[in-house]
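Participant: Sharing a model that was predicted from the sequence below.
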There are 2 protein chains.
Amino acid sequence: MAEAPLFDTLTIVGPGLIGSSILRRARQTGTLARHLIAADCSPDVLKRVAELDIADEVTTSLTEAAAKSDAVILCIPTGAIRPVATEILPFMKPGSILSDVASVRSTLGPDISALLPNGVSYVPAHPMAGTEYSGPDAGFATLFEDRWTLLVPPEGTAPEAVSLMEQFWQQCGARTRQITDQYHDQVCAMVSHLPHLLAFTICDTADRLSADLRGDVLEYAASGFRDFTRIAASDPTMWRDIFLTNKDVLLTTFERFEKEAHLMVEAIRNGDSEAITERIQRGRRIRQSLLDNRQA
Amino acid sequence: MAEAPLFDTLTIVGPGLIGSSILRRARQTGTLARHLIAADCSPDVLKRVAELDIADEVTTSLTEAAAKSDAVILCIPTGAIRPVATEILPFMKPGSILSDVASVRSTLGPDISALLPNGVSYVPAHPMAGTEYSGPDAGFATLFEDRWTLLVPPEGTAPEAVSLMEQFWQQCGARTRQITDQYHDQVCAMVSHLPHLLAFTICDTADRLSADLRGDVLEYAASGFRDFTRIAASDPTMWRDIFLTNKDVLLTTFERFEKEAHLMVEAIRNGDSEAITERIQRGRRIRQSLLDNRQA
C-alpha cells in the first residue's frame, strides 16, 4: 500500500513560477497532497492552470479554498501576504497550516502569528530557487531540487507542523534548514537583494545612455554586462516588495558595499596599484571558496 | 592549390588565454600564418606551450622573434604594452605589423604611433571574448567565433595593414568593426569595466563579512550572488591595468551608476513604490532589447 500523502487538501494561492512548480511536483510525486487547489484573483491565470492540468480544482474564492484545506501556501508577492492572510485565516480549520514563500521575513512572523486562530500553525519557508521568468507556464517540477529551502517558523510554532513542512519541502527535492527571520534577511540581503539592486541599477544606467552608446552596449553586451541583465530580468512587483520589506537590512548592506566601492574608486583615482590588486584578489577568494564548495 | 597564409611569420607575445587561442586557431586553419612563434618572458609558460604543441617555435627573446616576424601581436596586460613595444619596435621589419589586444585604448594609439619605425604599422584590435580563466591551457580555437573584435588603428594607418588585420580576425571567426579609441573606451567602460568593478566589490564586501554570515552567503550563493563571482574571477593584473588605464572614463561611468543607485536607494528609503518599480522596469528594457537582438 502506498503511503498516504502529507496533506489531504493543499491550496496554492498564486500559481506562478513557485506556486505552479509546487503543483507540478505534487502531481508528479503524488506524495504531497491528495487534492490540489489553485487559487488566484486572476481568472486568466486560473484558466491557464486548468489548461496545463496541474491542479484538481481552480477557484477565485480564496476563503472557500482555505476553509477546506489542510495546508495553504501563499506564493504571492511579499506585500500581499499580510492582507491575504488576514482575509483567509478566520476560515482555516484547526490543525491546518498556513505557509508562504516570501523572500523577506521582516516582521511577517510576529504579524501573522498575532492573527492565527486556535489550532492553526504558521510555517513559512523560503525556497531559494527561481528563474527570471514568471507565471504558471514558468514552473517546473524539479525547480527546488538540491536547492535550499529556509524554514522560518515563528517562536512557539507546533513542532509537528514544522516537521510536516520540512518533509514537504524535502519531498519537493529541497535541502531544508531552520533559521531565524532576522538572520534570514541578513543573508538574503547580501546573497540576493543587493545583487539585484545593483543589476537593476546598472541596466537602468545603460538604458539612460545616448541612443548610439546604448545601442553599442547592447551589441557588445557579452563582456560582463549581459550577466547583470539576466539578474535584472526578474519580476518588478516581487522585487519592489522585497526592497521595501527588507529596507533596513538592505540599506545597511548597500552602505557596506558603497564604502568598499568608494575605496576601490579612490584606489583607481590615486593610481594605487597595490590596493586595487588586493581588492580584486579578496573578491576572487569568494569565488575560490565557491569552487571549493562545488557551487560555482 | 591552397591560398597562401595571411602572414609568413607570426609572433604571439604572451600565449595566455587570448594568445594561445590565436595560436590554436592558426594551427587549426593554417590560413593565418606559415610559421608560429610564441614569445614570453616566462620559460614555464613557453614549456607549457611547447607541450601543447601550439607553436612552431618558442623563445624568451622578444626582439629576435620580432625581427623575423611579419606580424607581432602583444597579448599581454595593458600596462606592459608600452614598454614591450618600445623594446621590440626598433627590431621590426619594414612592412610588418605590430598589434595588441588591449581592452583599453586610452593614449596607446598616439603613444605607440610615435615610436613606429618607417614602414611598420600599428593595428591594435580588441577581441571582445574571454573567460574567467587564464594561461596557455585556457585558450581554445573557437574563442573568437561570432564575437566582436574592435579594430582601433590610429589615424593615418596604412589601409592595407588595417585590411590585413581585419581579415586576420575574421578568419579567427570574429565579427569586426573599426571605431575610435575614445568611443571604444566609453563603450567598454559601461559594457565591461563597470560590471567588473561592481562584481569585484560585491565579492570583496562578502569576503569581509563575519565568518558565519560569509559561510552562509557561500552556501546560498545561487540567488544572484553567484553570477557576480563568475565575473569577479578574472585575472587581477589584467583588471588592475584596465582600471588604471581607463581611469577617467571608468570613474565618470561609475559616477553615473552611483547617481542612479542613490536614487534607487532613496526611493527604497522613502517607500516610494512607484519610483522603485519604474527603475526596475527601465532596467528590464535593456534585457528585452538584448532578447530582441538575440544576444541574451
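Facilitator: On my side now, so go ahead.
Participant: could you pull out the helices for the stretch 51-200 of chain A?
Facilitator: If DSSP state H, counting those that start in this stretch is used as the criterion, the helices of the stretch 51-200 of chain A fall at A:62-67, A:78-88, A:108-113, A:159-171, A:181-188, A:194-207.
Participant: Compare the ones you listed and report which one is nearest to chain B.
Facilitator: Comparing the helices of the stretch 51-200 of chain A against chain B with CB to the nearest CB, the closest turns out to be helix A:194-207 (3.4 Å). For glycine as for every other residue, the C-beta is placed from the backbone atoms N, C-alpha and C.
Participant: distance between the closest one and the chain's centre?
Facilitator: Taking the mean C-alpha point of helix A:194-207 and that of its whole chain, the gap between them comes to 19 Å (CA atoms, centre = their mean, to the nearest Å).
Participant: Pull the residues that contact it.
Facilitator: Contacts of helix A:194-207 with the rest of the structure, by CB atoms under 8 Å, 6 or more residues apart in numbering or on different chains, involve A:214, A:217, A:225, A:228-229, A:231-232, A:234, A:239, A:242-243, A:250, A:253-254, A:257, B:190, B:194-195, B:198, B:202, B:223-225, B:227-228, B:253, B:256-257, B:260-261, B:264-265, B:279-280, B:282-287.
Participant: Tell me if the helix or strand following it is near chain B.
Facilitator: Elements were assigned by DSSP states H and E; along the chain past helix A:194-207, the next helix or strand is helix A:211-219. Yes - contact between helix A:211-219 and chain B, assessed by CB under 8 Å from any CB of the partner chain, occurs at A:Leu213, A:Asp216, A:Val217, A:Leu218, A:Glu219.
Participant: Show me what stretch A:77-92 is in contact with.
Facilitator: Residues beyond stretch A:77-92 that count as contacts (CB under 8 Å, 6+ apart) turn out to be A:13, A:62-64, A:66-67, A:69, A:72, A:74, A:76, A:98, A:100, A:102-104, A:108, A:111-112, A:115-117, A:120, A:237-238, A:240-242, A:244-245.
Participant: Would you list the buried entries among those residues?
Facilitator: For the contacts of stretch A:77-92, a burial check counting by 16 or more other CB atoms under 10 Å in any protein chain shown picks out A:13, A:62, A:66-67, A:69, A:72, A:74, A:76, A:98, A:100, A:102-104, A:108, A:112, A:116, A:120, A:237-238, A:240-242, A:244-245.
Participant: near chain B, from the residues you listed?
Facilitator: A:Thr237, A:Arg240, A:Leu244.
Participant: Most proximal residue of the stretch 1-150 of chain A with respect to chain B?
Facilitator: Ranking the residues of the stretch 1-150 of chain A by distance to chain B (CB to the nearest CB) places A:Met128 first, at 5.2 Å.
Participant: Apart from its neighbours in sequence, what residue is nearest that residue?
Facilitator: For A:Met128, ignoring the flanking residues on the chain, the nearest one in space by CB to CB, 6 or more residues apart in numbering or on different chains is A:Trp148 at 4.7 Å.
Participant: Show the model's pLDDT score for that neighbour.
Facilitator: Per-residue pLDDT puts A:Trp148 at 93.
Participant: neighbours of the closest residue to A:Phe168 other than its chain neighbours, just the number please.
Facilitator: Leaving aside its chain neighbours, A:Phe168 sits nearest to A:Leu6 (5.6 Å; criterion: CB to CB, 6+ apart). For A:Leu6, the number of neighbouring residues by other CB atoms under 10 Å in any protein chain shown comes to 19.
Participant: mind listing what A:Leu6 touches?
Facilitator: With contacts taken as CB under 8 Å, 6+ apart, A:Leu6 has the following neighbours: A:Thr31, A:Leu32, A:Ala33, A:Leu164, A:Gln167, A:Phe168, A:Gln171.
Participant: one more time with 7 Å
Facilitator: Under the criterion of CB atoms under 7 Å, 6 or more residues apart in numbering or on different chains, the contact partners of A:Leu6 comprise A:Thr31, A:Leu32, A:Ala33, A:Leu164, A:Gln167, A:Phe168.
Participant: I'd like the residues you listed laid out as TSV, including pLDDT and neighbour count.
Facilitator: TSV is the format used below for the contacts of A:Leu6 (pLDDT from 0 to 100; neighbours: other CB atoms under 10 Å in any protein chain shown):
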residue	pLDDT	neighbour count
A:Thr31	96	18
A:Leu32	98	22
A:Ala33	98	25
A:Leu164	98	18
A:Gln167	98	14
A:Phe168	98	28
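Participant: Comparing the helices of the stretch 51-200 of chain A, which comes out most buried?
Facilitator: helix A:194-207 (a mean of 26; mean count of other CB atoms under 10 Å in any protein chain shown).
Participant: Please save the CA atoms from it in PDB.
Facilitator: Output for helix A:194-207, consisting of C-alpha atoms alone and laid out as PDB, is shown next (Å, rounded to 0.1, in the frame of the first residue of the first chain):
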ATOM      1  CA  LEU A 194      21.900  43.700  -3.100                       C
ATOM      2  CA  PRO A 195      23.000  41.800  -6.300                       C
ATOM      3  CA  HIS A 196      19.500  42.500  -7.700                       C
ATOM      4  CA  LEU A 197      19.600  46.200  -6.700                       C
ATOM      5  CA  LEU A 198      23.000  46.600  -8.500                       C
ATOM      6  CA  ALA A 199      21.900  44.700 -11.500                       C
ATOM      7  CA  PHE A 200      18.700  46.700 -11.900                       C
ATOM      8  CA  THR A 201      20.700  49.900 -11.500                       C
ATOM      9  CA  ILE A 202      23.400  49.100 -14.000                       C
ATOM     10  CA  CYS A 203      20.800  48.200 -16.500                       C
ATOM     11  CA  ASP A 204      18.900  51.400 -15.700                       C
ATOM     12  CA  THR A 205      22.200  53.400 -16.200                       C
ATOM     13  CA  ALA A 206      22.700  51.700 -19.600                       C
ATOM     14  CA  ASP A 207      19.100  52.400 -20.600                       C
END
